[in-house]
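Asks: got a predicted model here, sequence first, then my questions.
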Amino acid sequence: MVKRLVVGAHYGLRDWLAQRVTAVAMFVYTLVLLVTLLSGPPLTQESWRALMSGTCMRIVSFVFILSLCYHAWVGVRDIWMDYIKPAGLRLAMHALTLLALIGYAGWATQILWRL
């Protein structure tokens, strides 16, 4: 009997599915935003503020921000796992990436809900 050597974190299908779901969410948001901007009044600061001040648009934009950050996390984490071999350096890169993405999400959310 041959024992298989299993390595890795076994994220495969879950990560693949997460990448697709977040990509679809971001694509749909982008299409909705483009249609809204192209079919609405000329883009001014007032029209942009009016568009983004609605609760529905804020929630959809927040979902976009979360999708973008999770999509980026999965992609960058896989890059670090594939190309950074020393475990300590890889852990540091994971931590820095995660902290940066959490900071970006917080900053974007603050901007979005401050309008």
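Replies: Yep, it's here. Residues are numbered from 1 along each chain as shown.
Asks: CA atoms only for the lowest-mean-pLDDT helix or strand in the chain - export them in CSV, please.
Replies: Ranking every helix and strand in the chain by mean pLDDT, DSSP states H and E puts helix 45-53 at the bottom, with a mean of 89. C-alpha atoms of helix 45-53 as CSV (Å, rounded to 0.1, in the frame of the first residue of the first chain):
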residue,chain,number,x,y,z
GLN,A,45,-20.7,66.2,-7.0
GLU,A,46,-24.4,66.7,-6.0
SER,A,47,-25.6,63.9,-8.2
TRP,A,48,-22.8,61.6,-7.0
ARG,A,49,-23.7,62.4,-3.4
ALA,A,50,-27.4,61.8,-4.0
LEU,A,51,-26.6,58.5,-5.6
MET,A,52,-24.4,57.3,-2.8
SER,A,53,-26.5,58.7,0.0
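Asks: separation between the residue lying closest to R77 once chain neighbours are set aside and A108?
Replies: Distances taken as CB to CB, 6 or more residues apart in numbering place H94 nearest to R77, at 6.2 Å, with adjacent residues excluded. From N, CA and C alone the C-beta is placed, and that goes for glycine too. Going from H94 to A108 by CB to CB, to the nearest Å gives 21 Å.
Asks: what about the residue nearest the centre of the chain, which helix or strand?
Replies: Nearest residue to the geometric centre of the chain (CA atoms, centre = their mean): L68, 1.6 Å. Secondary structure assignment for L68, by DSSP states H and E: helix 55-83.
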